[in-house]
Each structure stands twice: as C-alpha cells, then as structure tokens.
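> Kindly generate the corresponding structure for this input.
(2 chains)
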Amino acid sequence: MMSDAILLNGKQIQLTIERLSREVIESINFKNTVIIGVQPRGVLLAEKIHQRIFELTKQNVPFGKIDTTFHRDDFRRGKSLNAKITEIDFHIEEKNVLLIDDVLFTGRTIRAALDALLSFGRPLKIELLVLIDRRFNRELPIQPDYVGKIVDTIEKVDVEVRWANHEQEENTVLFIKE
Amino acid sequence: MSQLSSKHVIGIEHLTLDDIQLILKTATQFKEIINRPIKKVPTLRDITIANLFFENSTRTRISFELAQRRLSADVINFSSSSSSVKKGETLLDTVNNILSMKVDMIVMRHASPGAAHYLSERITAQIVNAGDGTHEHPTQALLDAYSMQEKIGDLNGKKIAIIGDIMHSRVALSNIFCLKKLGAEITLCGPTTLIPKYIDALGVNISHNIDETLQWCDVANVLRIQLERQNTKYFPSLREYALYFGVNKQRLDKLQKEIVIMHPGPINRGVELTSDVADSEHSIILDQVENGVAIRMAVMYLLANKHE
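Reported below is the predicted structural model:
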C-alpha cells in the first residue's frame, strides 16, 4: 500500500464533480433526461452528481441504477458473480440517458451497461460521464462525453476510486501497483 | 461468497447455508429481470441445457425451460414417454447419448430416488435435480424459502408448518433441509400413516392436529396428496382426509391472525386445500410460481459459472 499514489484527493474530486455537474447542466434538456449510475461504484458518483444538479437547478432528474453482471462478456472466466440491484422506475423510451461510471478502462463494462439498458427500451440518446478516463487501455470503440480526469497508465496499474464511507474519511482516486 | 460450493444441485442436504443464501440473493436480481419489458439476458448464450423428464411434469418443466430461455441458453427437451426409454435403454445410456451431442448441463426429473446422484458420479455434465422420486426437489424448496422470505422476512426463528402427505413428498424433505439451514422452526402435520417414522430425527416437531398447527405457525406449506404414489390406502377416504386435515376457510377464520398459505401445486382442490383458501389473500401460490423462474435462473446461472 506504500506505493499507492494519490491521483485526486477529496478536495480535487469535489471540484471535479462540481465542474462535471455544471457541464451537464449546461448541455442537457431537463424535460427529457434521466441519469443512470452503473453498479456498483458508478452509482456513488451518479448520486453525487444527481444531488449537485438538484442543488444548483432545483430540477429533480429521474435517477436509476443499472447492474451489468448478466450482460458481461467475461462470464465463465472467473469473474465475480455478485449481481447488484438494477432499479429503473421510469421509462427510458425516447429519453436522453446520461450513463455514469467512475472509471472507464477497457470499455467492456459500458458495453455491457448499454446492452442491459436497451432491454428497458429504446432511448433517444445515451451519453457517458466518467470520473476517470484511462484512454489508452480501451478494447472497444467507446468514448465518454463528459470526463473528470484523463489518466494515461500502463495496464498493470489499477486506478481505483475510493468513496468515503463516513465523514471522517476522504474520497480519493488512487494508483495501485499490482 | 460468490460461488457455489458444489458442481451440481442434487439436493438441499448437500448445499451449505452460504450456497442457499447466494442463490436466494441472486434470484432477487433475476426477479427484477423477468419483470422488465425485455425479460431476457444473454448470460448463458454459449451453454446448452438438456431437460430430461422421466416423470410427468408441467409446471417444473415449463419453469425450467422459461428460466433457460430467459438466460439465452440453448435448450433441448426430452420426455420419456416419447423416447427410446420405452425400448429399454438404460438411464446412463440415454444420458451419455445426449451428452455426446455436447450438452453442458442436465436438468433431470426421475421417479427413482437417487437418480440424480447416481448420474453425477458417472458423467461430466452438471446436474440439476428437478425431483427424484420421494427424495428431494431442491429448486422447489429454494423457491418456497424465497417466497416465504419475500412475505415475512428473515426466516430465522419463524414457525413453518408442512401439512399433508409428508411420506411421499420430495418437496417436504427438501423444505425441511432448507428451512432448518435457514434457522426456521418446523412442524409436520398429517395423519400418522403419512408421516414417516423417525423423521423427528431431522429436528422437526410432529403434530396430528391441524387446528393447533395452524394456530402455531406463521406459514403453512400445504402439500398435495400424492395419490399416484400411494399403492395402499393410507386414509379411509379423500372426504375424511379433507375433514380432518384439509385447510379451509372456517379453519382460517377461527385463527384471527395473519397466516401465509403455500402449495407447491398441482392442487387437489377440495382435498388438502379448498378453493376459497387457495384463491384468498392468504395464499401466495402464484407468487411461488413466479419466483420459481427466478430461482431456477439463479441456480443455473451460478452452476454454469462453476463449470471449468
């Protein structure tokens, strides 16, 4: 753990979330937009952005969560089976969907999330917001529309967003050497 | 825990508490999926599953098949009435012939207790027991436990009655194993002739008084009188059985308390359960059927990932 480097500290994350929220406010159509966080950790970021958008505009954008487990392409390759809750209590048909995840890496999770999302209907448009974009590690042609920070790493390094569990802790983005 | 401990699901007896809880938890996610506009996920698209039903079944076979299709598995169906079994082929030969067509998983119902276990020691494919004679019916017990949990919460310390033909019921045995592992208290209720000797060794209470049992329990799982398995007479008449052990509205009205009524189907209406109870607000029989699909999806999903 000594070799972990902090990429963004709590203060910086807060600033980034602030900027992302304002970028979203600038470009979305409130009447027709829904926010969906990708389970598990994209949901935490999505909740913060959803909350901030509400504070800034008093607009309550419909908010949902999506789990990608059953749509992944690495099933039977030793990956975790723990599915989380999918909760989309509104129609996404003909809506602008803002999909939110914490780290965009190979693009496979987002591919699975898109697949999962389409079983709820046909959205007008899907946009992607991520806190960290590891742009040189993509394995699929997927690009984000809103980016917190671009991180260029060799593949052996893990980038992890740690959300604080309680107030004494700080949100951090870490490099973790494997 | 994110993996089953076992390669097969032969009986609840061999599953750990962690396994059971993993299956129940995973089923919750599948229940959400089968309520979506598009009720299908691509998870098992590279898996072929054979449903081998050597004994008649409507609900279980449809439920398994639906679960497989909702997981995008390839499915082949086999029923013994229209097959070479009639020509005298052995079970092992039948199964090996099907397996040589590259089948990954087998869902089997068979009239002989232990048939699924027998196969599991002799073939490489994974096996889900869909009922073996009077032995076990694990997915039924899991869906029963799931439905109970959904209705009354954590089953630890809850009082469950299993009423009726315990002797011939694989549902009863699987239910006992499953509910015991989840920490519930169990009372079996039925005529002396339909309660096996020494079953109290499994740690269950025995009662022959239906009114007392109903008064005691939170949930009553009423079993079907399995006339097809009864070679001799175990009670004088169906009418007498209904009179002494049938669950009817008068009995429930006397209780003045909340009670959940379950039945694994098919119901002999007017024998173990009257229509006014089966169709009442106490009954969760149709929830059981819906949950069955989710449970079976969870079981096959978790097993498929176990396969190397």
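> got the buried residues for stretch A:51-59?
Using 16 or more other CB atoms under 10 Å in any protein chain shown as the test for burial, stretch A:51-59 gives A:52-53. (Glycine included, C-beta is placed from N, CA and C.)
> again but with stretch B:283-302, I slipped
For stretch B:283-302, using 16+ other CB under 10 Å, the buried residues are B:283-285, B:287-302.
> That stretch near chain A anywhere?
Yes. Stretch B:283-302 comes into contact with chain A (CB under 8 Å from any CB of the partner chain), by way of B:301-302.
> Can I get that stretch in PDB? Just the C-alpha atoms.
Extracted in PDB, the C-alpha atoms of stretch B:283-302 (Å, rounded to 0.1, in the frame of the first residue of the first chain):
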ATOM      1  CA  SER B 283     -52.300 -17.600  -0.500                       C
ATOM      2  CA  ILE B 284     -49.100 -16.900  -2.200                       C
ATOM      3  CA  ILE B 285     -49.300 -19.800  -4.600                       C
ATOM      4  CA  LEU B 286     -49.000 -17.800  -7.700                       C
ATOM      5  CA  ASP B 287     -46.000 -15.900  -6.300                       C
ATOM      6  CA  GLN B 288     -44.300 -19.200  -5.800                       C
ATOM      7  CA  VAL B 289     -44.700 -20.000  -9.500                       C
ATOM      8  CA  GLU B 290     -43.300 -16.600 -10.500                       C
ATOM      9  CA  ASN B 291     -40.400 -16.900  -8.000                       C
ATOM     10  CA  GLY B 292     -39.700 -20.400  -9.300                       C
ATOM     11  CA  VAL B 293     -38.400 -19.000 -12.600                       C
ATOM     12  CA  ALA B 294     -36.100 -16.500 -10.800                       C
ATOM     13  CA  ILE B 295     -34.800 -19.200  -8.500                       C
ATOM     14  CA  ARG B 296     -34.100 -21.600 -11.400                       C
ATOM     15  CA  MET B 297     -32.400 -18.800 -13.300                       C
ATOM     16  CA  ALA B 298     -30.200 -18.200 -10.300                       C
ATOM     17  CA  VAL B 299     -29.300 -21.900  -9.800                       C
ATOM     18  CA  MET B 300     -28.400 -22.500 -13.400                       C
ATOM     19  CA  TYR B 301     -26.500 -19.200 -13.700                       C
ATOM     20  CA  LEU B 302     -24.400 -19.900 -10.600                       C
END
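> and it, how far out from the chain's middle?
10 Å (CA atoms, centre = their mean, to the nearest Å).
> average pLDDT for it?
Stretch B:283-302 carries an average pLDDT of 96.
> Please apply the same query to stretch B:75-92.
79.
> which residues make contact with that stretch from outside it?
Residues outside stretch B:75-92 that contact it (CB atoms under 8 Å, 6 or more residues apart in numbering or on different chains) are B:48-56, B:61, B:65, B:68-69, B:94, B:98, B:103, B:110, B:115, B:118-119, B:122-123.
> just stretch B:167-179 next, same as before
So stretch B:167-179 is contacted by B:11-13, B:20, B:113, B:131-138, B:140-142, B:144-145, B:155, B:160, B:162, B:165-166, B:186, B:188, B:193-196, B:202, B:204, B:221, B:223-224, B:226, B:229-230, B:234, B:264 (CB under 8 Å, 6+ apart).
> Quick check: buried residues in it?
Buried-residue list, stretch B:167-179, by 16+ other CB under 10 Å: B:167-179.
> now it: mean pLDDT?
Mean predicted confidence for stretch B:167-179 is 95.
> Report the distance from it to the chain centre.
8 Å.
> swap in stretch B:119-131?
Relative to the chain's own centre, stretch B:119-131 is displaced by 17 Å; criterion: CA atoms, centre = their mean.
> can you give me the end-to-end distance of that stretch?
14 Å (CA to CA, to the nearest Å).
> Skipping adjacent residues, who's closest to the residue nearest to the spatial centre of chain A in space?
In chain A, the residue lying closest to the centroid (CA atoms, centre = their mean) is A:D101, at 1.0 Å. Excluding its sequence neighbours, the residue lying closest to A:D101 (CB to CB, 6 or more residues apart in numbering or on different chains) is A:G42, at 3.6 Å.
> packing partners for the helix or strand harbouring that neighbour?
Using DSSP states H and E, A:G42 falls within helix A:41-57. Under the contact criterion of 3 or more CB pairs under 8 Å, 6 or more residues apart in numbering or on different chains; DSSP states H and E, helix A:41-57 touches helix A:10-27, strand A:33-38, strand A:63-66, strand A:96-104.
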